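Pasting the sequence and the predicted coordinates here, then a few questions.
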Amino acid sequence: MAKASSADDYKLSSSFEELRKTLSDHKFTDRLGKPLAYWALPNDRRLPLAFLGRTLGNLLETPYTELASTAGIGQKKISSLVKLLHRATRDEPPAVPFGIDNFSDAGEAEGDGQLIKTRNFDPSLVSEVLWSQWRETVCTNGVGDEKLGRLAPTLQALPTVIWNTPLSEYVNYSVTEIRQLKTHGEKRVRVVLEVFYLVHELITSADQQHLDVRLVPKFIPPIEDWIASVLECRVIPARDEVNKRLAQPMLAQIETDAGPTVAQLAADRLGIDTAPRSVRMQSRKMGVTRARVYQLLDDCSKIMAVRWIDGERHLSKLATLFQETGTGNEDLRLFRAIGELFYPSKYTPLQDEAQTRIETG
């Protein structure tokens, strides 16, 4: 055992000296002032905690024997130190934590960046190196004013209080500092990191293809293109077309952001598959108060206010066209219901209750 231990120590010592030589190259000068923790992943195991706060330059100036004799640092921690130093030599950020046995050796090699690009975003794989790249993309491309709520995959995991928080709010923080912010639990941190990741991926992919990027939710461009074609042709769309090209995409987004219950409430309110249902009818069906139904329906306008900021302006253009052509009220019922639900202005609960009284006699 002693010989094995000595052999392992020799390998670690040799690796450390090779990495010291590599990192002494002038191209790594900008990395020497960063702490070792800069290259650590949240899920790394057996991290050398005693060294994480020390800069790369300071560690490389320290003899290996001195590092190995540090209190609380055994062979496994020294091995982790060497792995972190190895990460520091790479231009690509780490993608796989070390010390975890359940990652497929065949599927992902450290530094290939594939795990972070899987369908299920994993915030535990976001290193400070990776985060710094995403922050730089946001800053250099002038998208810091974009709102979290506008770009998040779903608003269900994002508290309403930060729907309108711009990306610039986080560009001066490290991942560690974000995790330490008040009210920023793991779910909130995950969404913040994922939005930055998506922005980075979209912009860098477009740069490689010499394309321009418009950061908007995916459901918006087809709707705006359809509205533009209606305005250009000045042909009033039938109810079925309004349903297919306008109502359904918006309802699908509501389901993504608020869940199926709110989406169904909205669909019933619009009268998609049946006659429009009043709030009183909906509250009876659900077994909740009318106030609760209003609250759920109000989420629809809140979602569109952050998702499709220009929606009211586009709908107003259509409304003007319909008014100029003298289209009948019945033909416009669905369109007007969409405007009242998703972009209410003078529409109030009192009006709804008055309509309910008329319906029920």
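That came in fine, so what should we check first?

isn't G53 right up against P35?
Yes: the pair G53 / P35 is scored as a contact, 5.6 Å apart, by CB atoms under 8 Å. To be clear about C-beta, it is placed using only N, CA and C from the backbone, and glycine gets the same treatment.

more crowded one of the two?
P35 (18 against 10; other CB atoms under 10 Å).

tell me which residues form a beta bridge with the more buried one?
Beta-bridge pairing of P35 under DSSP bridges involves T55.

Report the contact partners of it.
L52, G53, R54, T55, L56 (CB atoms under 8 Å, 6 or more residues apart in numbering).

how about the residues you listed in JSON lines, adding distance to R239?
As requested, those are exported to JSON lines (distance: CB to CB, whole Å):
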{"residue": "L52", "distance to R239": "63"}
{"residue": "G53", "distance to R239": "65"}
{"residue": "R54", "distance to R239": "69"}
{"residue": "T55", "distance to R239": "67"}
{"residue": "L56", "distance to R239": "66"}
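
Which among those count as buried?
Neighbour counting by 16 or more other CB atoms under 10 Å classes T55, L56 among the contacts of P35 as buried.

Where does the prediction get shaky in the chain?
Regions of the chain meeting the criterion pLDDT under 70 cover residues 1-5, 92-120, 207-211, 327-331, 346-361.

Tell me the one among the contacts of P35 nearest to D25.
L56 (12.7 Å; CB to CB).

Give me the nearest residue to the residue nearest to the spatial centre of the chain, chain neighbours excluded.
Of all residues in the chain, the one closest to the mean position by CA atoms, centre = their mean is V195, 2.7 Å from it. Closest residue to V195 apart from its sequence neighbours, by CB to CB, 6 or more residues apart in numbering: L151 at 5.0 Å.

Touching, that neighbour and L198? I think so.
Yes: with contact defined as CB under 8 Å, L151 reaches L198; the gap is 6.7 Å.

Settle it for me: which of those two has more neighbours?
The residue with more neighbours, out of L151 and L198, is L151; 21 against 16, by other CB under 10 Å.

Quick check: which element contains the closest residue to K187 other than its chain neighbours?
Once flanking residues are discounted, K187 sits nearest to A157: 5.5 Å by CB to CB, 6+ apart. Using DSSP states H and E, A157 falls within no helix or strand.

Numbering from 40 from now on, please.
Understood, numbering begins at 40; the last thing we discussed is A196.

from memory A196 sits against R229, does it?
Yes: counting by CB under 8 Å, R229 is a contact partner of A196 at 7.1 Å.

which ones are touching the residue nearest to the centre of the chain?
By CB under 8 Å, 6+ apart, the contact set of V234 is L187, L190, A191, L206.

Return the distance of the first one relative to S118.
Spatial separation of L187 from S118 under the definition CB to CB, to the nearest Å is 39 Å.

Those two: which is more packed in?
Set L187 next to S118 and count neighbours by other CB under 10 Å: L187 wins out with 24 against 18.

Report the contact partners of that one.
L197, I201, W202, N203, T204, P205, L206, V230, V231, V234.

Just send these back as JSON lines, with distance to R174 and secondary structure too.
Converted to JSON lines, those look like this (distance: CB to CB, whole Å; DSSP: H, G, I helix; E, B strand; the rest coil):
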{"residue": "L197", "distance to R174": "19", "secondary structure": "coil"}
{"residue": "I201", "distance to R174": "17", "secondary structure": "helix"}
{"residue": "W202", "distance to R174": "21", "secondary structure": "coil"}
{"residue": "N203", "distance to R174": "20", "secondary structure": "coil"}
{"residue": "T204", "distance to R174": "15", "secondary structure": "coil"}
{"residue": "P205", "distance to R174": "13", "secondary structure": "strand"}
{"residue": "L206", "distance to R174": "9", "secondary structure": "helix"}
{"residue": "V230", "distance to R174": "16", "secondary structure": "helix"}
{"residue": "V231", "distance to R174": "11", "secondary structure": "helix"}
{"residue": "V234", "distance to R174": "12", "secondary structure": "helix"}
